[in-house]
Structures are given as structure tokens and as C-alpha cells.
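Colleague: 3D model of this:
(one chain, ligands or ions: 1)
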Amino acid sequence: MEQKPVNFTSREDACRWAVMRVRALIAGEKDLITNLANASAAIFEAWKEVSWAGFYLMKEGELVLGPFQGKPACRRIKVGSGVCGTAAATRQTQLVPDVHKFPGHIACDGGSNSEIVVPMIREDKVVAVLDLDSYSFDRYGQPEQEALEKIAQLLIDGCDWEQL
Ligand code: SME
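Modeller: Residues are numbered from 1 along each chain as shown. Below you'll find the model as predicted:
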């Protein structure tokens, strides 16, 4: 049974809240893992129908699983593979209403039906991706894309990425 402590009247409200919450959670803290862990928890807590929310970190040319909320997931993804690797390779947010139609989608959780992946770019390098899955089709759209891109930028600006 899904239990979410926060209720919102609209998707837009939930999106605004998530951005504000991440901003507040990382204020005065630079530790990368601490901030990514709290950001994934804030999104997972606030938004309905999210089955997984977390980060893959670029290490030695591969995406390596970072802080997340949800079921245990694939540990490493090659740049160019799956939705995460495509976001990293193209540097474009991947909004996928039906993962079964995405060539090369990597099913860490067979129940997943839609996904959004936002690339995180620092000093012209992709340093991470922010990934959300859902068991619902077409769960993510423009409001979520805008919010997640803002959150990604807050984390790019507010964390010590030299720790990577
Ligand atoms: N579905 C992703 C893999 C990561 S999991 O969703 C957590 C992909 O195709 O890259």
C-alpha cells in the first residue's frame, strides 16, 4: 500500500513543492551524497505514482547507481544504453510515456511503464542523471520535466562535485 504523507491538489503544486523542498534541504550543505539522497527522498515522498527516483553518477565513463528511493536497481549503465544512457549521450531530457516503445530500455523493475531521465551537466560534462520511473503509463510530462530540470540545476550548483 502506497503511503505518501504529502497531498497536493494538482501536479503543478506537487512540482513546485518538490523544487522548494530540495532547495531547503540542500541549503548550507555541500556533501554530494547527502544532498542527492535527500533530493531523491523528497521527490519520492511528494509525487504520486513514482516507483523509483534516484541518480546515476558518471564514474570512469559509465553511469553508476547513486542515491535512490525504490527497489534495488541496475548498478551500471553504459553511456548510450537505455533511457539513462541516452540522456547522458544526447544531453537531452528523455520523456518516455511508454518504456516498452523505447528501443533498448533497461527494465530494472519489470513493472515500470513510464520514465523520465534528466541529464546533469557541470562544466560542460555530464556528471549524473536524475531518473524517475512509474508503474503508470504517461506519468511524467512538462510540469515534471521543468521541476526536475530545476532540481538538477540546484544540485549542480549546490553540491561538491569534486567528491565524484
Ligand atoms: N530504465 C532505465 C534503467 C534504470 S532504472 O529505471 C532505475 C534505463 O533504461 O536506462
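
Colleague: Now the residue in the chain that the ligand sits nearest to: closest residue in space, sequence neighbours ignored.
Modeller: Closest approach between the chain and the ligand, counting by Cβ to the nearest ligand atom: Gly82, at 2.7 Å. Backbone N, C-alpha and C define where each C-beta goes, glycine included. Setting aside the residues directly before and after it, Gly82 is nearest to Ile106 in space (Cβ to Cβ, 6 or more residues apart in numbering), at 3.6 Å.

Colleague: How about Thr86?
Modeller: Leaving aside its chain neighbours, Thr86 sits nearest to Gln94 (5.6 Å; criterion: Cβ to Cβ, 6+ apart).

Colleague: Which parts of the chain are helices?
Modeller: Along the chain, the segments classed as helices by DSSP state H run 11-26, 32-46, 82-90, 142-158.

Colleague: Tell me what angle the last one forms with helix 11-26.
Modeller: It refers to helix 142-158. Using axes from the mean of the first three to the mean of the last three Cα atoms, to 10 degrees, the interaxial angle of helix 142-158 with respect to helix 11-26 works out to 10 degrees.

Colleague: Including mean neighbour count and mean pLDDT, could the helices of the chain go into TSV?
Modeller: Supplementary listing: those in TSV, determined by neighbours: other Cβ atoms under 10 Å; pLDDT from 0 to 100:
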stretch	mean neighbour count	mean pLDDT
helix 11-26	18	97
helix 32-46	21	97
helix 82-90	22	98
helix 142-158	18	98
